[in-house]
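# Below are the sequence and a predicted model; questions follow.
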Amino acid sequence: MSENLQLQPTEIQDKIFTIRGQRVMIDRDLAEIYGVETRVLNQAVKRNMERFPEDFMFQLTEIEWQYMSSQFVMTSKSKRPKSALPLVFTEHGVTMLSSVLRSNTAIQINIQIVRAFVAIRNLLPVKPADKVIELQSELKELKAYIEDVFTDYNDINEDTRVQIELINQSLAELHTDRKRTDKPRNRIGFIKE
């Protein structure tokens, strides 16, 4: 594919997947686009591992690879031993690849790939960070409301407790007053002996 330096944006966008919350490209798709073998691309990366921290490139787990293989029609059906799980590159990792592959073709293709990542990013209607901030503020408002409700509830309960105590105290006073007044009285009238 390297002879045709002008790729269609959709050709690249179709090879961008979301894994672990990041948009990435698989090593074999990148190798195909760059016109090199996957093992050559991976060897170049392994010789320059200091350029590829985990937020630039990471290796898929067996489960992630099985899921991707079952969910998507993979663009290249190259055989890969089970022990060799694919590497995936984020937008920054793809940018770093041009410095590792060191060819004019790699640089030109890299520009197109970065543009594809940007195009996909621009397709998102709302930035996730904005949505998270909005949800956080709604959560704060809800917490404040719930705290106010519980404060009012506790105030009502405290007022009710005070009133019940006053009622109990008044009943106790009435009861003691009644005991005082319940002393036997002398009868009025004729007394029979």
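Received, thanks.
# And stretch 98-118, what's buried?
Residues 98, 100-101, 105-106, 109-110, 112-114, 116-117 are the ones in stretch 98-118 that count as buried (16 or more other C-beta atoms under 10 Å). Backbone N, C-alpha and C define where each C-beta goes, glycine included.
# Can you tell me which of those comes closest to residue 166?
For the buried residues of stretch 98-118, the minimum distance to residue 166 (C-beta to C-beta) is 72.0 Å, reached by residue 117.
# Excluding sequence neighbours, find me the nearest residue to that closest one.
residue 91 (4.2 Å; C-beta to C-beta, 6 or more residues apart in numbering).
# Show me which of the buried residues of stretch 98-118 is closest to residue 156.
residue 117 (57.1 Å).
# Kindly export the one helix or strand that closest one maps to (C-alpha atoms) in CSV.
Using DSSP states H and E, residue 117 maps to helix 104-123. Written as CSV, here are the backbone C-alpha positions of helix 104-123 (Å, rounded to 0.1, in the frame of the first residue of the first chain):
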residue,chain,number,x,y,z
ASN,A,104,9.7,9.7,3.7
THR,A,105,6.9,7.3,3.0
ALA,A,106,6.4,6.7,6.7
ILE,A,107,6.2,10.4,7.4
GLN,A,108,3.6,11.0,4.6
ILE,A,109,1.5,8.1,5.7
ASN,A,110,1.8,9.1,9.3
ILE,A,111,0.4,12.5,8.5
GLN,A,112,-2.7,10.8,6.9
ILE,A,113,-3.1,8.5,9.9
VAL,A,114,-2.9,11.5,12.4
ARG,A,115,-5.5,13.3,10.3
ALA,A,116,-7.8,10.2,10.5
PHE,A,117,-7.5,10.2,14.3
VAL,A,118,-8.3,13.9,14.3
ALA,A,119,-11.3,13.3,12.0
ILE,A,120,-12.6,10.6,14.4
ARG,A,121,-12.1,12.9,17.4
ASN,A,122,-14.0,15.7,15.7
LEU,A,123,-17.0,13.3,15.0
